[in-house]
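# coords please:
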Amino acid sequence: MASNSFLEIKTTLSSASRHSLGVACGFAAGAWLGAAEAPTKLVTAGFSPFLISLGMVAGVFVARWTLPVMFKGTGYLLSDFRDKAHLIVWALLAGMCWAVANTLTVFAVRNVGLSIAFPLWNTNSLVGLFWGWLLFNELREAGAKDLAKVVGGALAIVVGACVLAYATSHRQEAAGSHGTTLGILAALGAGLLWGTMYIPYRKAYISGMNPLSFVTVFTFGELGTTLAMALAFDGGYRHVIVELGKARPVLFWLFLGGFCWVLGDLFQQYTAKYIGIGRGIPLSNTNQIWGLLWGALVFGELSGQSLTARLLVIGGSLVMIAGALAISLAEAPESEQASWRIALDRECDRYGMDPERAAAILHGDDPVARETAPRHWWEFLVTVVAIGIFAWLGVDAEKPGIPMNVSTLLALMAATLVFLVVCGRMLWKRTGFS
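Have a look, this model is predicted:
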């Protein structure tokens, strides 16, 4: 049968090729996840955190449907769902965790700022590392050198997070000590939820589900949960509608932030698929560097701060990133990959799947693409509708009423586009987005 994939898979990726692809996707994820958090600064303009989160998730929902349909088509997605139907509930659960975590990040940004909140919720790498070891045999049978990199990197992340938490005591007094404490707790809570969210990620990919299929289901969990929280905690249906009307001039920017998040999350999904969550998630947490750049250079968060506070923020961030890189550069040896295969076989036995087929997909092959029907005309319509929604919101968009350094903003966006083009091309050529 004709394939509906964007590009046919021609070869199975070698271990080294999978690792390099996963690392590249991790860096791209960091750039785009960092850019996506910039719109949360709108909370300082007086909008409810629940409204900010709902606006972003609406943009996420549109993007999570559009990109998979563009790259793979509805026939492919439906075939992948039928082939791994047991993963649908896991994808919905992951979306629910994401929605709560994303809302917590908005509270954190409001109370302690973007450049402080980022590293605190990036402790999700430690949580993901633990779950990867406990449930999916990551780091089992790894050599002493790789273990040293991972353990040393984990300790560096903890130390960096502590330094950054201490730096909050040097922030301006506008939020007050109570608000600062809540901001820290919100950021750490987001990290815990996001770290736990990676359990369904890894279950999906060792079972052979395509990341594009996974996020299509995932988005229903996140949108439904975010809407429920807005209705429950932000004044009910009527109040949410009124507030959305008031926020119409900035909804475009929130949708755009959601779209950027989807690009980053897709790269993160492929990172988790090809090098695991223990290595991939810390690598994607290089978004801390980007968060610091956005917060400090574009929004001027560190202006007026003492030299001590600035040194603590910068030093803590660098320590965290060094730890994340140490973890991510510890390529899994063959002995550890054999332990991964045990986890894969266990999942296949549990859900009645073919382990050889799942292993082939994990190595870059894509039998589902060869078995599904050609593309359909309505897929083009989905893309047009998505573009139309952004254009409709863009007509009434206004520049947010917060100070920004526009030249630095444009420079950062140009850099993230470079990551998109380079890493997107790697995924296309090597796997056909599989």
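# who are the packing partners of the top helix by length along the chain?
In the chain, taking DSSP state H as the definition, the longest helix is helix 176-206. Judged by 3 or more CB pairs under 8 Å, 6 or more residues apart in numbering; DSSP states H and E, the packing partners of helix 176-206 are helix 87-112, helix 114-121, helix 124-136, helix 211-233, helix 248-275, helix 277-284, helix 334-351, helix 355-362. Every residue, glycine included, has its C-beta placed from N, CA and C.
# looking at these, which is buried most?
Greatest average neighbour count among the helices and strands packed on helix 176-206 goes to helix 277-284 (a mean of 31), per mean count of other CB atoms under 10 Å.
# for Asp345, see how far away the residue most central in space within the chain is.
Centroid-nearest residue in the chain: Asp265, 3.3 Å away (criterion: CA atoms, centre = their mean). Per CB to CB, to the nearest Å, Asp265 is found 28 Å from Asp345.
# just to revisit the earlier point, in the longest helix of the chain, what counts as buried?
180, 182-184, 186-206 (16 or more other CB atoms under 10 Å).
# if we can go back for a sec, Throw the helices and strands packed on helix 176-206 into a markdown table and include mean pLDDT, thanks.
Below are the helices and strands packed on helix 176-206 laid out as a markdown table (pLDDT from 0 to 100):
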| stretch | mean pLDDT |
| --- | --- |
| helix 87-112 | 89 |
| helix 114-121 | 74 |
| helix 124-136 | 89 |
| helix 211-233 | 91 |
| helix 248-275 | 89 |
| helix 277-284 | 86 |
| helix 334-351 | 91 |
| helix 355-362 | 86 |
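# out of those, flag the one nearest Ala296.
Shortest separation from Ala296 across the helices and strands packed on helix 176-206 is recorded for helix 114-121, at 5.3 Å, computed as CB to CB.
# let's have the helices and strands packed on helix 176-206 in JSON lines, adding distance to Leu427.
What follows is these, written out as JSON lines (distance: least, CB to CB, whole Å):
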{"stretch": "helix 87-112", "distance to Leu427": "20"}
{"stretch": "helix 114-121", "distance to Leu427": "26"}
{"stretch": "helix 124-136", "distance to Leu427": "21"}
{"stretch": "helix 211-233", "distance to Leu427": "10"}
{"stretch": "helix 248-275", "distance to Leu427": "6"}
{"stretch": "helix 277-284", "distance to Leu427": "14"}
{"stretch": "helix 334-351", "distance to Leu427": "21"}
{"stretch": "helix 355-362", "distance to Leu427": "15"}
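# circling back: now the longest helix of the chain: how far from the chain's centre is it?
12 Å (CA atoms, centre = their mean, to the nearest Å).
# for stretch 20-32, same thing?
11 Å.
# go on, stretch 398-414?
Relative to its parent chain, stretch 398-414 has a centroid offset of 22 Å by CA atoms, centre = their mean.
# pLDDT (mean, whole number) over it?
Here stretch 398-414 scores 85 as its mean pLDDT.
# and it, C-alpha only, in PDB?
Provided in PDB are the C-alpha atoms of stretch 398-414 (Å, rounded to 0.1, in the frame of the first residue of the first chain):
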ATOM      1  CA  GLU A 398      -1.800  44.400  20.400                       C
ATOM      2  CA  LYS A 399       1.700  44.800  21.700                       C
ATOM      3  CA  PRO A 400       1.600  43.600  25.400                       C
ATOM      4  CA  GLY A 401       1.900  46.400  27.900                       C
ATOM      5  CA  ILE A 402       5.100  45.200  29.400                       C
ATOM      6  CA  PRO A 403       8.600  46.500  28.700                       C
ATOM      7  CA  MET A 404      10.600  44.400  26.300                       C
ATOM      8  CA  ASN A 405      13.900  44.600  24.400                       C
ATOM      9  CA  VAL A 406      12.700  44.000  20.900                       C
ATOM     10  CA  SER A 407      16.100  43.700  19.200                       C
ATOM     11  CA  THR A 408      17.100  40.900  21.700                       C
ATOM     12  CA  LEU A 409      13.700  39.300  21.200                       C
ATOM     13  CA  LEU A 410      14.200  39.100  17.500                       C
ATOM     14  CA  ALA A 411      17.700  37.700  17.900                       C
ATOM     15  CA  LEU A 412      16.500  34.900  20.200                       C
ATOM     16  CA  MET A 413      13.700  34.000  17.900                       C
ATOM     17  CA  ALA A 414      16.100  33.800  15.000                       C
END
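# now do the buried residues in it.
Buried-residue list, stretch 398-414, by 16+ other CB under 10 Å: Pro400, Met404, Thr408, Leu409, Leu412.
# tell me which of those residues is nearest to Val418?
Leu412 (10.9 Å).
# quick one: the longest helix of the chain to helix 277-284, angle?
Here helix 176-206 points in a direction 130 degrees away from that of helix 277-284 (axes from the mean of the first three to the mean of the last three CA atoms, to 10 degrees).
# tilt between helix 176-206 and helix 124-136?
Counting by the same axes, to 10 degrees, helix 176-206 points 30 degrees away from the direction of helix 124-136.
# now do helix 176-206, average pLDDT.
86.
# flag every buried residue along the one helix or strand Gly26 maps to.
Using DSSP states H and E, Gly26 sits within helix 15-36. Residues of helix 15-36 classed as buried by neighbour count (16+ other CB under 10 Å): 17-36.
# also stretch 295-312?
Gly295, Ala296, Leu297, Val298, Phe299, Glu301, Leu302, Gln305, Ala309, Arg310, Leu312.
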